[in-house]
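Q: Could you look at this predicted model? Sequence included:
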Amino acid sequence: MINSDFAKLENTILHKIGNKLNEEGIRFSKSPIITDDEINNLLLKYFFSPFKQNEYFNLYHDTDIKLNEIYSYVSAIFTDNQELFNQSVNIAKHLYEQSVHPKIKNGEIYVTYFKDCMLDGENMDAIGIFKSETRDTYLKVYPSSDGFKIDSETGININKLEKGCLIFNTEAEKGYVVALVDNLSKGSEAQYWIDNFLHVKTREDEYHHTQNALNLCKNFVVESLPKEYDVTKADQADMLNQSLQFFKENETFSLDNFAENVMKHPQIIETFKQYKQNYENENEIKIADDFDISETAVKKQSRVMKSVIKLDKNFHIYIHGKREMIEKGFDENTGMHFYKLFYKEEL
């Protein structure tokens, strides 16, 4: 988790970046921007407030991490933060080279240096790279001799950071720890910031492992289980509930322990483990057999792992537990299926 309560904005460099495809060029600053305490606090809010997720990344290169341009530039800054201005020019040039999609807007790039940032309880320095692309219109009300007047101004909304990253000075050998924001880009346009400019991969931490394992369980129960075995929607809902409950009640995940407690039957366990291997190969990921469970990832995934039985367009049955309290049947007189629910009282 990122905590910016005591973070200090040491320096900010600002350049103007255009769209290379449109030959808009770059306008470089000649020195860092000078700000007072009030503007500093506004900038801290602008830069840090969007980073609410606990998902992190690492800078990456297929052959050698030192060949990743951003890694090279930020490493020089972390070694000597007096290099911030020179390397900000390199960062701006690198971003311009990637700005070749016709929908990429021009805007300001901010390269910043922070001290006393907290990442998972550890104090460290960080480098921020942010880009603002859109302008909002604001009304300015002020008194006049006749009462009040209203003017309009165009400016940057500090509550809407569009693109940004925080690169923390830790795990340098793995490509540093990187937090990302990209609120506007879609499709191929999004690739230029995350893939082409930064070139990152997901950090293999407890959040990553927990998220992948829950996705694996959901896909197995929803897609594979009904193809291999004669199971009802209620059976699937029950197994989804048990899977999620396991992650909520345990601090660590063990594949064997999970399979024995949730899948239970040896044949289903074997099918699940084989499905895991196929799932890893198809998605080009590795899901660890043992890891610490991330409570944050469980909370996020629980929103999409709802156990729901949808009946035609008339009813949705939400199942939270006690599989034995629901029965499925078929009424020969009407030629329709039915579910029978048992309960003690209406709430």
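A: Arrived safely, thanks for sending. Numbering: from 1, shown residues only.
Q: which SSE is residue 95 in?
A: helix 84-98 (DSSP states H and E).
Q: Report the buried residues of that helix.
A: Within helix 84-98, the residues that count as buried by 16 or more other Cβ atoms under 10 Å are 84-85, 87-92, 94-96, 98. Just so you know, the C-beta spots here come from the backbone N, C-alpha and C atoms, and that holds for glycine as well.
Q: Next, the buried residues of the helix or strand that that helix is followed by.
A: Next along the chain after helix 84-98, taking DSSP H and E as the criterion, comes strand 107-119. Within strand 107-119, the residues that count as buried by 16+ other Cβ under 10 Å are 107, 109-114, 117-119.
Q: Does residue 67 touch residue 60 like I think?
A: No: look at residue 67 against residue 60 with Cβ atoms under 8 Å: they stay out of range, at 10.2 Å.
Q: Between these two, tell me which one has more neighbours.
A: Taking other Cβ atoms under 10 Å, residue 67 and residue 60 do not tie; residue 60 has more neighbours (17 against 11).
Q: Bridged to the nearest residue to the more buried one once chain neighbours are set aside, which residues?
A: Distances taken as Cβ to Cβ, 6 or more residues apart in numbering place residue 201 nearest to residue 60, at 4.3 Å, with adjacent residues excluded. In this entry, residue 201 is beta-bridged to residue 58, by DSSP bridges.
Q: wait, what's in contact with residue 201?
A: 57-58, 60, 175 (Cβ atoms under 8 Å, 6 or more residues apart in numbering).
Q: How about residue 248?
A: 298, 302.
Q: if we can go back for a sec, can I get the buried residues of helix 84-98 in CSV including distance to residue 288?
A: Output for the buried residues of helix 84-98, formatted as CSV (distance: Cβ to Cβ, whole Å):
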residue, distance to residue 288
84, 37
85, 42
87, 36
88, 38
89, 41
90, 37
91, 34
92, 39
94, 34
95, 35
96, 39
98, 33
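Q: Does the residue positioned nearest the centre of the chain belong to a helix, a strand or coil?
A: Centroid check for the chain by Cα atoms, centre = their mean gives residue 55 as the closest residue, at 4.9 Å. Counting by DSSP: H, G, I helix; E, B strand; the rest coil, the backbone at residue 55 sits in coil.
Q: Where does pLDDT dip in the protein?
A: 184-190, 305-307, 309, 319-324 (pLDDT under 70).
Q: Residue 31 versus residue 73, what's the distance?
A: Residue 73 sits 19 Å away from residue 31, going by Cβ to Cβ, to the nearest Å.
Q: Quote the end-to-end distance of stretch 159-178.
A: 21 Å (Cα to Cα, to the nearest Å).
Q: hang on, the earlier thing: check which helices and strands the helix holding residue 95 is in contact with.
A: The contact analysis (3 or more Cβ pairs under 8 Å, 6 or more residues apart in numbering; DSSP states H and E) places helix 84-98 against strand 8-17, strand 26-27, helix 69-79, strand 107-119.
Q: can you do 6 Å?
A: The helices and strands touching helix 84-98, judged by 3 or more Cβ pairs under 6 Å, 6 or more residues apart in numbering; DSSP states H and E, are strand 8-17, helix 69-79, strand 107-119.
Q: could I get those as CSV with distance to residue 2?
A: Output for these, formatted as CSV (distance: least, Cβ to Cβ, whole Å):
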stretch, distance to residue 2
strand 8-17, 15
helix 69-79, 17
strand 107-119, 6
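Q: for these, which one sits closest to residue 277?
A: helix 69-79 (32.7 Å; Cβ to Cβ).
Q: Tell me the first helix or strand C-terminal of the one helix or strand residue 216 maps to.
A: Here residue 216 sits within helix 206-219, counting by DSSP H and E. Proceeding N to C from helix 206-219, the next assigned helix or strand is helix 225-228, under DSSP H and E.
Q: buried set for that following helix?
A: Neighbour-count burial for helix 225-228, counted by 16+ other Cβ under 10 Å, picks out residue 225.
Q: between the helix holding residue 95 and strand 8-17, how many degrees?
A: 40 degrees (axes from the mean of the first three to the mean of the last three Cα atoms, to 10 degrees).
Q: residues in contact with helix 84-98?
A: 11, 13, 15, 17, 20, 26, 69, 73, 76-77, 109, 111, 113, 192, 196-197 (Cβ atoms under 6 Å, 6 or more residues apart in numbering).
Q: now it and strand 107-119, what's the angle there?
A: 120 degrees.
Q: just how off-centre is helix 84-98 within its chain?
A: 25 Å (Cα atoms, centre = their mean, to the nearest Å).
Q: Dump that helix to PDB, keeping only the CA atoms.
A: Written as PDB, here are the backbone C-alpha positions of helix 84-98 (Å, rounded to 0.1, in the frame of the first residue of the first chain):
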ATOM      1  CA  LEU A  84      16.700  14.700 -12.600                       C
ATOM      2  CA  PHE A  85      16.700  17.500 -15.100                       C
ATOM      3  CA  ASN A  86      19.000  15.800 -17.700                       C
ATOM      4  CA  GLN A  87      17.200  12.500 -17.400                       C
ATOM      5  CA  SER A  88      13.800  14.200 -17.600                       C
ATOM      6  CA  VAL A  89      14.800  15.400 -21.100                       C
ATOM      7  CA  ASN A  90      15.600  11.800 -22.100                       C
ATOM      8  CA  ILE A  91      12.300  10.600 -20.600                       C
ATOM      9  CA  ALA A  92      10.400  13.300 -22.600                       C
ATOM     10  CA  LYS A  93      12.200  12.300 -25.800                       C
ATOM     11  CA  HIS A  94      11.500   8.600 -25.200                       C
ATOM     12  CA  LEU A  95       7.800   9.400 -24.700                       C
ATOM     13  CA  TYR A  96       7.700  11.500 -27.900                       C
ATOM     14  CA  GLU A  97       9.100   8.600 -29.900                       C
ATOM     15  CA  GLN A  98       6.200   6.400 -28.700                       C
END
